[in-house]
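S.K.: Fold the following for me, if possible:
(one chain, ligands or ions: 2)
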Amino acid sequence: MFFCMAKPTRWVLAFSVQMALPFSKPYFYDRRTVMTQTLCIVNQKGGVGKTTTAVNLAASLAVANKKTLLVDCDPQANATTGLGIDKNSLKQTLYHGLIGQASADSIVIDSEIALLKIIPSRVELIGFDIEMLNTKEREMTLKKLLSQLDGGFEYVIIDCPPSLSLLTVNAMAAADALLIPLQCEFYALEGLSQLLQTIKHIKHSLNPSLNIAGILLTMFDQRTNLSHQVAENARKYFKHLVFKTIVPRNVRLGEAPSFGKPILLYDGASNGARSYRQLAKEVMGIKPATKPAVKLFAGER
Ligand SMILES: Nc1ncnc2c1ncn2[C@@H]1O[C@H](COP(=O)(O)OP(=O)(O)OP(=O)(O)O)[C@@H](O)[C@H]1O
Ligand SMILES: [Mg+2]
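M.R.: Ligands and ions are numbered 1, 2, ... in the order given. You can find the predicted model right below:
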């Protein structure tokens, strides 16, 4: 598929691959005192499986006995409804925390899974970008808010909107590592160069310890050559950065949000549920680093 692309697309992709190759093996930092690992699910492309991954990875980590917080950083609030939370009944949401009207702990709410909590979102979050326009260090607002948390979370999973907006920049600035869902379809790799540029910029300016946990292949359809080609190209160019787990296209995964349930509670025996349990194992197996971050990008000091 890569070789069928128009020339400029190939050049952009080749350039981004050049930048991507020096990525280290995925890992999190050694945070002996603070054991929270904050993982941001990001891709500015819409509909690639970010929310499905955020909700189901968070649920799978919680079921594996890890105290987990899901942060819905998208005004669409799909992660919030995906966990069966009635948005209209909420007094305060992430928005109120970000603009300083609520403390972090006061906006954390329970889910059906005991060890899984969520900071919910709602449409008012859309105002964040504009309201913060004249605020100093506006890119660090989410990081500051999360640093106030008293919950002893082992994992914080942030679901991002489909844009490279101030909200996404905040999510990346607050994260230890990024998980990038890549839908197994034709244009999948095209937006990656822009995302990698943004990551590079954020790493240099806001979050020097930012790492990449991995690229996750989503909506893989065993029957189509295209899915296999995308998977093959992703592994060829991004090598060890691609998670071993592949999330299949699975009807039950698509149905679960309309019942307000993570897949583990909706159909725990489905292939979709199995894949997210496996992803959680991979994420939990990422060894904490014993040395400072290695370089993410060529030429980095
Ligand atoms: N593996 C899958 N199999 C079948 N359907 C899926 C799968 N993953 C996601 N979906 C469905 O595809 C749609 C898009 O998924 P999702 O909402 O997770 O993407 P997203 O990247 O969060 O979208 P957005 O960019 O709008 O936030 C949803 O209807 C979801 O239920
Ligand atoms: Mg989403």
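
S.K.: any idea which element the closest residue to ligand 1 within the stretch 101-250 of the chain lies in?
M.R.: For the stretch 101-250 of the chain, the residue positioned closest to ligand 1 under CB to the nearest ligand atom is residue 162, at a distance of 3.1 Å. Quick note: C-beta positions are derived from backbone N, CA and C, even for glycine. Residue 162 is part of no helix or strand, with elements assigned from DSSP states H and E.

S.K.: Which residues are in contact with it?
M.R.: 43, 44, 45, 46, 47, 48, 50, 74 (CB atoms under 8 Å, 6 or more residues apart in numbering).

S.K.: could you show me where the strands are in this structure, in order?
M.R.: 37-41, 68-72, 109-110, 116-119, 155-159, 177-183, 211-220, 242-248 (DSSP state E).

S.K.: Can you tell me what sits against the last one?
M.R.: Put plainly, it is strand 242-248. 49, 52-53, 181, 214-222, 231, 234-235, 253, 271-272, 275-276, 278-279, 282.

S.K.: any idea which of the strands of the chain is most buried?
M.R.: strand 68-72 (a mean of 29; mean count of other CB atoms under 10 Å).

S.K.: Tell me which residue is most central in the protein.
M.R.: Nearest to the mean C-alpha position of the chain, by CA atoms, centre = their mean, lies residue 41 at 0.7 Å.

S.K.: That one reaches residue 161, doesn't it?
M.R.: No - using CB atoms under 8 Å, residue 41 is not in contact with residue 161; the gap is 10.8 Å.

S.K.: Could you pull up the residues touching the spatially closest residue to residue 260 that is not a sequence neighbour?
M.R.: Nearest residue to residue 260, sequence neighbours excluded (CB to CB, 6 or more residues apart in numbering): residue 84, at 2.7 Å. By CB under 8 Å, 6+ apart, residue 84 lies in contact with 111, 112, 259, 260, 261.

S.K.: Now do the phi/psi pair for residue 84.
M.R.: phi 80, psi 20 (degrees, to the nearest 10).

S.K.: Check the gap between it and residue 144 for me.
M.R.: 29 Å (CB to CB, to the nearest Å).

S.K.: Check residue 96 too.
M.R.: For residue 96 relative to residue 144 (CB to CB), the value is 14 Å.

S.K.: if we can go back for a sec, same list, the strands of the chain, but as JSON lines with distance to residue 136 and mean pLDDT please.
M.R.: Formatted as JSON lines, the strands of the chain follow (distance: least, CB to CB, whole Å; pLDDT from 0 to 100):
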{"stretch": "strand 37-41", "distance to residue 136": "23", "mean pLDDT": "97"}
{"stretch": "strand 68-72", "distance to residue 136": "23", "mean pLDDT": "98"}
{"stretch": "strand 109-110", "distance to residue 136": "30", "mean pLDDT": "97"}
{"stretch": "strand 116-119", "distance to residue 136": "23", "mean pLDDT": "98"}
{"stretch": "strand 155-159", "distance to residue 136": "22", "mean pLDDT": "98"}
{"stretch": "strand 177-183", "distance to residue 136": "25", "mean pLDDT": "96"}
{"stretch": "strand 211-220", "distance to residue 136": "27", "mean pLDDT": "96"}
{"stretch": "strand 242-248", "distance to residue 136": "37", "mean pLDDT": "97"}
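
S.K.: Show me which residues of this protein sit near ligand 2.
M.R.: Neighbours of ligand 2 within the chain, by CB under 5 Å from the ion: 50, 51, 78.

S.K.: show me what contacts the first one?
M.R.: Applying CB under 8 Å, 6+ apart, one finds that residue 50 lies in contact with 41, 42, 43, 159, 160, 162, 181.
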